[in-house]
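S.K.: quick one: sequence and predicted model below, then my questions.
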Amino acid sequence: MKSRWLVTLLQAYEPPPLPVSLIYPSERQVPLKLRAFLGFSIPRLRDRLGCKQRIAPNSGATSRR
């Protein structure tokens with residue numbers, strides 16, 4: 001508790017990661033706040049969930065590596 005870190009208990013029983021979708025309306029210009037959120041969250045979710053999909057630049061479409 002003093003270190004203020006969360007620790008996973010019973011790792012052998014942890015469920016596999018689930019897919020995550022970030023859905024937003026397609027617009028010509030994505031609002032700055034949304035761009036910042038996507039830029040912050042996508043790499044972290046990809047690392048955390050072991051995602052093998054990448055978002056194609058400027059299209060919103062995904063492509064497999």
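M.R.: Thanks, I have it. Numbers count the residues shown, from 1 in each chain.

S.K.: contacts and neighbour counts: CA atoms only from here.
M.R.: OK.

S.K.: sketch out the low-pLDDT regions of the protein for me.
M.R.: 1, 51-65 (pLDDT under 70).

S.K.: helices of that one, start to end?
M.R.: 32-49 (DSSP state H).

S.K.: all strands for it, in order.
M.R.: 53-55, 62-64 (DSSP state E).

S.K.: need the residue closest to the centroid of the chain.
M.R.: For the chain, the residue nearest the mean C-alpha position is residue 45 (2.7 Å; Cα atoms, centre = their mean).

S.K.: state the distance from it to residue 22.
M.R.: Separation of residue 45 from residue 22 (Cα to Cα, to the nearest Å): 10 Å.

S.K.: how about residue 14?
M.R.: From residue 14 over to residue 22 (counting by Cα to Cα), the distance is 24 Å.

S.K.: one more: residue 10?
M.R.: Distance from residue 10 to residue 22, counting by Cα to Cα: 29 Å.

S.K.: can you check residue 31 too?
M.R.: The value you get for residue 31 to residue 22, if Cα to Cα is used, is 15 Å.
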